[in-house]
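Q: Fold the following for me, if possible:
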Amino acid sequence: MELAVAKGALTIAEGYLVIDKNQLEELSKEALTAKSWTLSDLQARLPRKNGDWIIKHIIDNPKFSRDIQKMRDDRVIIGGGRGSNWKFQASVFGPWLDEHWKDIKW
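A: Below is the predicted model of the structure:
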């Protein structure tokens, strides 16, 4: 990787690195690979939202019903019936949340 610096040296504070943007994106994807989230994990990741809110405004939202049903069929989302625990495949559900963030009624 080449780093252009105008006039002088570039100083990077201790504890920091310069990393290629593509490498950073790959590392971010890998952080979600082979991980699952529970409803509690989602509550911790979403700003001040509880499990009932997540189910009502995301999982059971008619606007997202096709996507959610496909994720259920593909076993990206598991559970939710008769007291069973929810599981979400982080590598698929996380990017979906990012993609639909602006469509969610926060």
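
Q: So the most centrally placed residue in the chain versus K7, what's the distance?
A: For the chain, the residue nearest the mean C-alpha position is G94 (2.3 Å; C-alpha atoms, centre = their mean). According to C-beta to C-beta, to the nearest Å, G94 and K7 sit 41 Å apart. C-beta: built from backbone N, CA, C; applies to glycine.

Q: got it, and D73?
A: 58 Å.

Q: neighbour count winner among those two?
A: D73 (9 against 4; other C-beta atoms under 10 Å).

Q: Need the phi and psi values for that one.
A: Main-chain torsions, D73, degrees, to the nearest 10: phi -60, psi -40.

Q: Show the pLDDT at it.
A: D73 is assigned a pLDDT of 97 by the prediction.

Q: what's around the residue lying closest to F93 once chain neighbours are set aside, how many residues?
A: Leaving aside its sequence neighbours, F93 sits nearest to V76 (C-beta to C-beta, 6 or more residues apart in numbering; 5.9 Å). With neighbours defined by other C-beta under 10 Å, the count for V76 comes to 19.

Q: Could you check how far V76 is from S40?
A: In terms of C-beta to C-beta, V76 sits 18 Å off from S40.

Q: S84 now?
A: When S84 is compared with S40 (using C-beta to C-beta), they lie 14 Å apart.

Q: what about this structure, any weak spots by pLDDT?
A: Under the criterion pLDDT under 70, the flagged ranges of the chain are 1-6.

Q: quick revisit: residues contacting the residue lying closest to the residue nearest to the centre of the chain once chain neighbours are set aside?
A: Nearest residue to G94, sequence neighbours excluded (C-beta to C-beta, 6+ apart): L32, at 5.2 Å. Contacts for L32 (C-beta atoms under 8 Å, 6 or more residues apart in numbering) come out as 90-91, 94-95.

Q: any idea where the helices of the protein begin and end?
A: 21-32, 39-45, 51-54, 65-73, 90-100 (DSSP state H).
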